[in-house]
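S.K.: make a model of this:
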Amino acid sequence: NDSFKVVIGKLPSANDPVDKTDLEASIAEGDKVATDKAVTLADETKVPVTADDQAALDKALKAAKDVDQKSDATPEEVAQAKKDLDDVLNSIKDKANQASAQPTDVQVTKNAEGKPAVTGKAPAGSTVEVKDKDGNVIGTTTADENGNFTMEVPADKTADLAVTAQEPGKKASEAVNAVDKTGLENSIAEGDKVATDKAVTLADGTKVPVTAADQDALDKALEAAKNVDQNASAT
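M.R.: Predicted coordinates:
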């Protein structure tokens, strides 16, 4: 025997309201990013959104809200508005989950004023953050157009510094330990004085001449020390 099933109900009509719940969920997510001007990662870290991405998000949000408020919007219009907004959001979130490039050639040296400073290279325009050995932020600076950065640090905070870089729209890099050369530079300054005076000055001000052999050994050690000091990649 032939059998059939009768379904009782209302057939879809062109006048039925279009389901906009998924679109509105995307709008809510976009509103949060736009308000915060940042993406919140899984670990609760907030990654600032770039100006260009903010502009693209604002544009996609406006278009999505226009469709959401349109009483006669078609399913196709709703689906397209959601896709366009999701595409922008996903692009922003994907970038935010990318780690920035690590700083390189990071060292602590004395600047022209004789003050200790962290120097190195990082992506141009990135924000460079310096933390002490206890994880406290000492300060931040911005890498210039050539990727160079420098930041003065307290004289008692030159050891075990951790330095990160954060490119616009991306999360911060892994930390790099700065090579502290301030002790080496103090020794070089002391060695230069002895080499120039060709003598050691005692506590009472007496000058004791250095022998030729000691002068030769000092000159060689100074040259080696200065080569290390000038090597940005020295460990």
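S.K.: ok, L184 to V78 distance?
M.R.: 66 Å (C-beta to C-beta, to the nearest Å). Bear in mind the C-beta positions are built from the backbone N, C-alpha and C, glycine included.
S.K.: residues in contact with Q166?
M.R.: Q166 makes contacts with 100, 126-129, 172-173, as judged by C-beta atoms under 8 Å, 6 or more residues apart in numbering.
S.K.: for it, name its beta-bridge partners.
M.R.: T127 (DSSP bridges).
S.K.: check contacts around S126.
M.R.: Residues near S126 by C-beta under 8 Å, 6+ apart: 100-101, 142-143, 165-168.
S.K.: which one of L184 and V78 has more residues nearby?
M.R.: V78 (21 against 16; other C-beta atoms under 10 Å).
S.K.: pull the distance from the host helix or strand of the more buried one to the chain's centre.
M.R.: Here V78, judged by DSSP states H and E, is contained in helix 75-96. Computed by C-alpha atoms, centre = their mean, to the nearest Å, the chain-centroid distance of helix 75-96 equals 26 Å.
S.K.: what does stretch 200-213 give?
M.R.: Centre to centre, stretch against its chain (C-alpha atoms, centre = their mean), the figure for stretch 200-213 is 50 Å.
S.K.: ranges for the helices of this structure?
M.R.: Taking DSSP state H as the criterion, the chain carries its helices at 21-36, 51-69, 75-96, 182-197, 212-230.
S.K.: could these go into CSV alongside distance to L161 and mean pLDDT?
M.R.: Formatted as CSV, those follow (distance: least, C-beta to C-beta, whole Å; pLDDT from 0 to 100):
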stretch, distance to L161, mean pLDDT
helix 21-36, 30, 97
helix 51-69, 31, 97
helix 75-96, 26, 97
helix 182-197, 11, 91
helix 212-230, 17, 92
